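[1] Return a 3D structure for these sequence lines:
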Amino acid sequence: MIPTTSVKGMLRSAFEAVTLSRFGQLPTADQYLTYRARASAALGLLPVRIEIQANGSVLAHPLDGAPGPTGSRPLPAAVWKDDEGGPDSFAPGGLELMRAIGRSQAVTDATLTLVQRNPGQQNAYDEWVVTHLGGIRTVTIGGLSRCLGVTYSITAASPGWLCRTGRGIIRNKHSERLFFSSRPSAPVPLTEDHVRRYRTILDSYVEGEGANPSEPVLSYVPSAAVPFHDGDLVYAVLDDVGGIVELVPTMIGRRTFQESPVSIAEARGMEPASCRAKASSADRTWGFVHEAQPGQPDSQGPRLGAEADAHRGQIVIGAVASLSVRLERPRGGIVLRELASPKPNAARFYVFDADGRPIQAQTGAWSSETVGRLGRKEEFYLPGDSLPRKVYPHHRSATSGAAFPATAVDPGGIPNDRNSTVESYIDRGSAFTFSVDFVNLTRLELAALVWLLDSRNLATADSPTGRGYHRLGHGRPLGLGSVQLDVTSVHVSTGKEVGYGYFDITSCLGLGGAQEDASSLAKEFDDFVRAENYNPLNRAIAAFRRSASGHPEHPDRVVSYPYALGRPNVGTVIPWFLWNETVQHDVVKGDLIPNRHGLSLPPLWAGDDALPWNPH
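    Numbers count the residues shown, from 1 in each chain. A predicted model of the protein is given here:
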């Protein structure tokens, strides 16, 4: 009825958490995650043209445009009017001439006019506009803009290239960009990391994570050796000294975070074990398997490209037998509230700072445990950050009544693609038993295991039952699957005692070992934690206890998904998260004043701070 593997997974995850072991697995492979960049971030992009050489290497040719008035910095990428709308208008026949040029096609006879937008206003800016093709006027500058009397000629000796990304895809888009350069520049060799980041961005569009994909994305072939075509026109994201960080297909769209989850874990020694020399306590106790991944460059981290290795676990979970079970099969099933899948791209709920503190824009009740960043997406997954462990806190209200938890039931009761239906469930009060056989454990590893197997050790001081609960099965975010574990007996034998048992045929497999007191064993782990006085370990124990015991609840303060209508278990989840990502800041006399958006989860060890229900 209950798979042994489910029990083993539950206990291994708990063991990893309370022993500060490596992650047994990470939710993604060693790849970057992506986010949607702010529109203002497009101002620093550099247009480039891709060249694929015969040996397969890739070059990026910078196209930085031409200087504006009075020798100012170059203004890259001229505006290419491609449809009706916008501040300018087509001259007679201009639309047909502009539309006749295809994507990435070379332009050898055009005139650019330097135009000032919003003249006389605080937000005035200059840009090049393509106004003539082949000597024929195609575009007339709008009356609210001012021509600055400066032109630039695109010729066969100094051509431009049309970067068309949005036709038929982005509604109301009226302009594309012409890439050009008034001066020669040396091509930049692209590294494997550049190629990998660009492929990740295109994959994120293909998988539906990004809205409004560009034409380069639509022509992307995932199985190709490189994600480029010769002559592709893309944008380069630059660092502070002008080096290329990554390439993106559109000015406003998705980018990669600076670090991947795996690289962050590797920097802190928390990535899944790749060999026995790197095995943490949980790996030695529960085992691990690392499969070789040939062909990955060593520069991508020590975990990739390593030889295959494995270690057999020292713990065997016996079959789960029923003692007293009440299996309910409600007619028509029970439709659960929607469950959200993990989304590490959301960042603020999946990454902490170097000291294990949440990163958020707003100074909240747990301000002493937050980091002073602006809370924008590009400020997550930075070097030095850390990955928290995802847990499902116990819902005290879900175990206090006799009926199926009402907070887990969809109020409409109608199945759809966002919820699930429970056909049968094991009712509250059912009891099971299973054995835990172990070999070659250190005394401290055994103490940690026994500590986890006794629900009294997991309780916080405010637990109404004096117990803490593990989580098992489906619907854990909704309060389902809280299980209480209690140790009936512990028998321990040394290797010598096991040998004598086989020799005189008095016992086998250590089953004749002396019985030890479970409370005394668990106390050894407690004493170790207190004696170490190691802040991360103490935080881990405190967080695990809070998760296992749950939070004190009342009508306005419950463990639940945040719902957009501002009331517990009413409304939908997605709007709340969309609202939370609207991170804006105002600057008043040099002071940064954040709004209440951009919240992160409060740390479990910091008390009972909560996120607001009402997004307004």
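[2] how many neighbours does Ala514 have?
    Neighbourhood size, Ala514 [other C-beta atoms under 10 Å]: 10. From N, CA and C alone the C-beta is placed, and that goes for glycine too.
[3] Just give me the neighbour total for the closest residue to it other than its chain neighbours.
    Setting aside the residues directly before and after it, Ala514 is nearest to Val492 in space (C-beta to C-beta, 6 or more residues apart in numbering), at 6.4 Å. Other residues lying near Val492 total 16 when counted by other C-beta under 10 Å.
[4] got a pLDDT number for Val492?
    On pLDDT, Val492 comes in at 88.
[5] Flag the shaky bits of the stretch 501-616 of the chain, pLDDT-wise.
    Applying pLDDT under 70 to the stretch 501-616 of the chain flags residues 508-513, 555-556, 563-572, 583-597, 607-608, 613-616.
[6] ok, which stretches of it are helices?
    Applying DSSP state H, counting those that start in this stretch to the stretch 501-616 of the chain gives helices spanning 518-532, 535-549, 574-580.
[7] Of all those, which one comes closest to Arg36?
    Closest to Arg36 of those is helix 574-580 (C-beta to C-beta; 11.6 Å).
[8] looking at the helices of the stretch 501-616 of the chain, which is buried most?
    helix 535-549 (a mean of 19; mean count of other C-beta atoms under 10 Å).
[9] could you give the angle of that helix to helix 518-532?
    Helix 535-549 and helix 518-532 meet at an angle of 140 degrees, taking axes from the mean of the first three to the mean of the last three C-alpha atoms, to 10 degrees as the criterion.
[10] All the helices of this structure, in order from the start?
    Assigned by DSSP state H, the helices in the chain fall at 4-18, 94-99, 192-206, 215-218, 261-267, 281-286, 443-452, 495-503, 518-532, 535-549, 574-580.
[11] tell me the contacts of Cys451?
    One thing to correct before we go on: residue 451 is Trp, not Cys. Neighbour list for Trp451: 18, 457, 521-522, 525-526 [criterion: C-beta atoms under 8 Å, 6 or more residues apart in numbering].
[12] Just send these back as a markdown table, with distance to Pro222 too.
    Formatted as a markdown table, the contacts of Trp451 follow (distance: C-beta to C-beta, whole Å):
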| residue | distance to Pro222 |
| --- | --- |
| Val18 | 41 |
| Asn457 | 49 |
| Leu521 | 53 |
| Ala522 | 51 |
| Phe525 | 48 |
| Asp526 | 52 |
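[13] which of those sit farthest apart?
    Pairwise distances across the contacts of Trp451 (C-beta to C-beta) peak at 14.3 Å, for the pair Val18 and Leu521.
[14] In space, what's closest to the residue nearest in space to the middle of the chain - neighbours in sequence excluded?
    Taking C-alpha atoms, centre = their mean as the criterion, Pro344 is the residue nearest the geometric centre of the chain, at 1.9 Å. Spatial nearest neighbour of Pro344, excluding adjacent residues (C-beta to C-beta, 6+ apart): Tyr350 at 4.5 Å.
[15] Distance check, the one you found against Leu33.
    Remark: distance between Tyr350 and Leu33 (C-beta to C-beta, to the nearest Å) = 9 Å.
[16] Show me the contact partners of stretch 430-440.
    1-2, 4, 7, 314-327, 446, 449, 453, 488, 509-510.
[17] try stretch 123-140
    With C-beta under 8 Å, 6+ apart as the test, stretch 123-140 has contacts from 65-66, 68-69, 72, 75, 77-81, 88-91, 93-95, 97-98, 101, 107, 109-118, 141, 148, 152, 178.
[18] just stretch 401-414 next, same as before
    For stretch 401-414, using C-beta under 8 Å, 6+ apart, the contacting residues are 328, 330, 334-338, 395, 397-398, 419, 425, 428, 475, 478-480, 558, 560, 568-570.
[19] With just CA atoms, put it into PDB.
    Extracted in PDB, the C-alpha atoms of stretch 401-414 (Å, rounded to 0.1, in the frame of the first residue of the first chain):
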ATOM      1  CA  GLY A 401     -10.200  17.400  12.700                       C
ATOM      2  CA  ALA A 402     -11.800  14.100  11.800                       C
ATOM      3  CA  ALA A 403     -12.700  14.900   8.100                       C
ATOM      4  CA  PHE A 404     -10.600  15.300   5.000                       C
ATOM      5  CA  PRO A 405      -8.800  18.700   5.300                       C
ATOM      6  CA  ALA A 406     -11.200  21.200   3.800                       C
ATOM      7  CA  THR A 407      -8.300  23.600   2.900                       C
ATOM      8  CA  ALA A 408      -7.100  20.900   0.400                       C
ATOM      9  CA  VAL A 409     -10.400  20.600  -1.400                       C
ATOM     10  CA  ASP A 410     -11.100  22.700  -4.500                       C
ATOM     11  CA  PRO A 411     -14.100  24.900  -3.700                       C
ATOM     12  CA  GLY A 412     -15.600  24.500  -7.200                       C
ATOM     13  CA  GLY A 413     -15.100  20.700  -7.300                       C
ATOM     14  CA  ILE A 414     -14.600  20.700 -11.000                       C
END
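[20] Next, the buried residues of that stretch.
    404-405, 407-410 (16 or more other C-beta atoms under 10 Å).
[21] Quick one: residues contacting Leu112.
    Shown in contact with Leu112 (C-beta under 8 Å, 6+ apart): 66, 78, 128-131, 151-154, 178, 180.
[22] per-residue confidence for it?
    Looking at Leu112, its pLDDT reads 96.
[23] got it, and the one 5 residues further on?
    We note a pLDDT of 92 for Arg117 in this prediction.
[24] got a list of what it touches?
    Contacts for Arg117 (C-beta under 8 Å, 6+ apart) come out as 87, 124-127, 144-145.
[25] Could you identify the buried members of the residues you listed?
    Neighbour counting over the contacts of Arg117 (16+ other C-beta under 10 Å) leaves 87, 126-127, 145 as the buried ones.
[26] Which of the residues you listed fall in strands?
    Per DSSP state E, strands hold the following members of the buried ones among the contacts of Arg117: 126-127.
[27] Quick check, the residue nearest to the centre of the chain in contact with Ile264.
    No - using C-beta atoms under 8 Å, Pro344 is not in contact with Ile264, being 10.9 Å away.
[28] neighbour-wise, which of Tyr350 and Leu33 wins?
    Leu33 (24 against 20).
[29] Which residue comes closest to that one once chain neighbours are left out?
    Closest to Leu33 by C-beta to C-beta, 6+ apart is Asn345, at 4.9 Å.
[30] confidence score at that neighbour?
    We have a pLDDT of 88 for Asn345.
[31] Same check on Tyr350?
    Note for Tyr350: predicted pLDDT of 90.
[32] before we move on, what about the one 5 residues further on?
    Confidence per residue is given as pLDDT, and for Asp355 that number is 83.
[33] what's the distance between it and Pro603?
    11 Å.
[34] Also Gly375?
    16 Å.
[35] These two: which has the busier surroundings?
    Taking neighbours as other C-beta under 10 Å, Gly375 and Pro603 compare with Gly375 leading, 26 against 20.
[36] Just list the residues touching the residue lying closest to Leu11 once chain neighbours are set aside, thanks.
    Distance criterion C-beta to C-beta, 6+ apart; nearest residue to Leu11, sequence neighbours excluded, is Leu452 at 6.5 Å. If you count contacts by C-beta under 8 Å, 6+ apart, Leu452 has them with 11, 14-15, 18, 458, 470, 485.
[37] Separate out the buried members of those residues.
    Buried among the contacts of Leu452 (16+ other C-beta under 10 Å): 11, 14-15, 18, 458, 470, 485.
[38] Just put those residues in CSV and tack on distance to Leu238 and pLDDT.
    Formatted as CSV, the buried ones among the contacts of Leu452 follow (distance: C-beta to C-beta, whole Å; pLDDT from 0 to 100):
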residue, distance to Leu238, pLDDT
Leu11, 49, 97
Ala14, 45, 96
Phe15, 45, 97
Val18, 44, 95
Leu458, 50, 96
His470, 49, 96
Leu485, 55, 97
